[in-house]
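Colleague: need a structure here:
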Amino acid sequence: MQHIIDRVANIKSKLEPYGATLVAVSKFRSLPEIQALVTAGQQDLGENRVQEMAEKQEHFAQYPLRWHQIGTLQRNKVKYIAPFVHLVQAVDNWELLAELQKQAAKHNRIIPFLFQLHIAKEETKFGFAFNELLPLLSSQGLAAYPHLELKGLMGMATNTADAVVVRKEFAGLKKHYDELASAGMPMQILSMGMSQDWQLALEEGSTMVRIGSALFLE
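Modeller: All right, here's what the predicted structure looks like:
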């Protein structure tokens, strides 16, 4: 597992000049692989299957890990991660936001979250259109969710080798991020970039990248 430890160190060294955070995507990864991440000092881990995240969180409960929900989240599964999830990165509809508020209140927690915007050409990817967020551009708009804390935006670019397309999509997301920040919204995290495009994302202003396969392949 030394290759995992080395890759974490290598990628973090490249993120450092940008002040960006690495979220290691640990979905489908074995316990020994995750242990290697922990050994490397990696604390932010990303999962998209609720049951798998809950099981891993329990197994590694003795470590100060921060669990990120990074994929589509079904409303009926929110209750299983509400007690411990560090950041819900993929809030892509109003019904999910309401359920997060309900479950966070039950556990007397403030759950941080990101709005996911749809920036890709692919219809299989989810997220809000930017204009759908406009009703929330005030403190009153967020007042209905006192147990949630908006931290920023997340987006997934089109799965293509065309760097021009990917860069344009990331630049568009950064533009919306800046617009919301200028309107007084609490923008602290811009989560964009994965194994195949994280370097482009950094160049376009990402503050958090979600990397999986690039950490584990030997």
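
Colleague: other SSEs contacting the host helix or strand of residue 172?
Modeller: Assessed by DSSP states H and E, residue 172 sits inside helix 163-182. Counting contacts by 3 or more Cβ pairs under 8 Å, 6 or more residues apart in numbering; DSSP states H and E, helix 163-182 packs against strand 148-155, strand 189-191, helix 198-203. All C-beta spots, glycine's among them, are computed from the backbone N, C-alpha and C.

Colleague: Pop out the phi and psi values for residue 46.
Modeller: Backbone dihedrals for residue 46, given as degrees, to the nearest 10, come out at phi -110, psi 130.

Colleague: That one pairs with what?
Modeller: Beta-bridge partners of residue 46, counted by DSSP bridges, are residue 25, residue 68.

Colleague: so is the most centrally placed residue in the chain in a helix, a strand, or just coil?
Modeller: The residue lying closest to the centre of the chain (Cα atoms, centre = their mean) is residue 89, at 3.7 Å. At residue 89 the chain is in strand, as set by DSSP: H, G, I helix; E, B strand; the rest coil.

Colleague: Next up, the contacts around it.
Modeller: Taking Cβ atoms under 8 Å, 6 or more residues apart in numbering as the criterion, residue 89 is in contact with 46, 68-70, 113-114, 116, 154, 191, 210.

Colleague: what's the average pLDDT for the helix holding residue 172?
Modeller: Here helix 163-182 scores 94 as its mean pLDDT.

Colleague: what's it in contact with?
Modeller: Applying Cβ under 8 Å, 6+ apart, the contact partners of helix 163-182 are 117, 119-121, 130, 133, 137, 152-153, 155, 157-158, 160, 187, 190, 192-193, 197, 200-201, 203-206.

Colleague: That one versus strand 148-155: what angle between them?
Modeller: Helix 163-182 and strand 148-155 meet at an angle of 160 degrees, taking axes from the mean of the first three to the mean of the last three Cα atoms, to 10 degrees as the criterion.

Colleague: For helix 163-182, what is the distance to the chain centroid?
Modeller: 16 Å (Cα atoms, centre = their mean, to the nearest Å).

Colleague: heads up, I number from 43, so please use that
Modeller: Right, with 43 as the first residue, what we last looked at is helix 205-224.
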